[in-house]
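Visitor: sharing a model that was predicted from the sequence below.
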Amino acid sequence: QAGIVYWDGNLRSTYINNYDLRWEYFGKQGQMVSVGAFYKTFDSPIEIVQYFTLVGAFQPRNVGDGQVIGAELEFRKNLDFISPKLSNLSVNSNITFTNSRIELSATELTSRKENARQGETVESYRSMAGQAPYIINLGVAYNGGESGFWNGLEAGVYYNVQGQTLEVVGIVDRPDIYTKPFHSLNMNINKSLGEKKKLQIGLKFENILGDSKESVFQFYKADEQYFTRLNQGRAFQLRLSYKFF
């Protein structure tokens, strides 16, 4: 609003204190289990904020101090404990849950209160930009081993998704922009042929679920409106290569 200085224009370095507690177990053939918890504090974190006087323009700014607390689980395990026939099949995963918050600066808090919609309650804290509430990576991989018909075959199916994330911070009557979850499912298949495995054939399938990447404006008790939307479709690649040396 006219006459209000929302930011002084001086970008300062962000200082982060990171506290991490982790337990790890490493087994044979690269198998492992890791469980961890973390806590971070941010002094003057930098976020992308909408520019009030120019629609569609953005700039990095220092915002109020922030905190992040979370937990992480990671493991790689083959399935030979189910059956020896599954010894070449393995599962790997990395799952992270995070809770973040920023204490609103005086100008941001005033701005949000003065532009609140009817019935909306403005809190003194909000989530941090770029901090997803959860990230899930899952994969199943197959290694054909060193002998037999499946020798030289490597295949894997991989899934990734992260929770709705604040992308761009709103100001005055400009709403916050959030990145919606994108469900990514991909598959890779590679086969090496010949005694010295110089000939390789590969198949790659991307975005098998056909999901779209979307960012939306979010208003209080109002329908979401697109900020960006990319329907990248599904992709298929066939690769043939030969090593001469």
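Guide: Perfect, I can see it now. Numbering: from 1, shown residues only.

Visitor: low-confidence stretches in this protein?
Guide: 1-9, 51-56, 147-148 (pLDDT under 70).

Visitor: center of it, which residue is that?
Guide: Among the residues of the chain, the one closest to the centroid is Gln162, at 4.8 Å (C-alpha atoms, centre = their mean).

Visitor: can you verify Lys85 is assigned to a strand?
Guide: No - per DSSP: H, G, I helix; E, B strand; the rest coil, Lys85 lies outside any strand segment and is helix.

Visitor: how about residues contacting the longest strand along the chain?
Guide: Determined from DSSP state E, the single longest strand within the chain is strand 89-103. For strand 89-103, contacts defined as C-beta atoms under 8 Å, 6 or more residues apart in numbering pick out 31, 45, 47, 63-79, 124-128, 131-143. All C-beta spots, glycine's among them, are computed from the backbone N, C-alpha and C.

Visitor: separation between the residue nearest to the centre of the chain and Gly194?
Guide: When distances are taken as C-beta to C-beta, to the nearest Å, Gln162 and Gly194 turn out to be 41 Å apart.

Visitor: the residue nearest to the centre of the chain reaches Gln131, doesn't it?
Guide: No - the criterion here is C-beta atoms under 8 Å, and Gln162 misses it with Gln131 at 10.1 Å.

Visitor: where does the residue of the chain most remote from its centre land in three-state SS?
Guide: Going by C-alpha atoms, centre = their mean, the residue of the chain most distant from its centre is Glu195, 41.0 Å out. Of the three states, Glu195 takes coil under three-state DSSP.

Visitor: and for Glu123?
Guide: Of the three states, Glu123 takes coil under three-state DSSP.

Visitor: and it, how far from Val216?
Guide: Glu123 sits 21 Å away from Val216, taking C-beta to C-beta as the criterion.

Visitor: out of the two, which sits in the busier spot?
Guide: Ranked by neighbour count (other C-beta atoms under 10 Å), Glu123 and Val216 place Val216 first, with 20 against 9.

Visitor: now the helices for this protein?
Guide: For the chain, helices defined by DSSP state H occupy the ranges 106-114.

Visitor: list the buried residues in stretch 118-125.
Guide: Using 16 or more other C-beta atoms under 10 Å as the test for burial, stretch 118-125 gives Val122.

Visitor: what's next to it, contact-wise?
Guide: Arg101, Ile102, Glu103, Leu104, Leu109, Arg112, Lys113, Ala116, Tyr220, Lys221.

Visitor: now do the contacts for the fifth one.
Guide: So the one you mean is Leu109. By C-beta under 8 Å, 6+ apart, the contact list for Leu109 reads Val122, Ser124.

Visitor: list the contacts for the residue nearest to the centre of the chain?
Guide: For Gln162, the contact set (C-beta under 8 Å, 6+ apart) comprises Ala132, Tyr134, Ile135, Ile136, Pro181, Phe182.

Visitor: just Gly66 next, same as before
Guide: By C-beta under 8 Å, 6+ apart, Gly66 lies in contact with Thr41, Phe42, Pro45, Ser100, Arg101, Ile102, Glu103, Met128.
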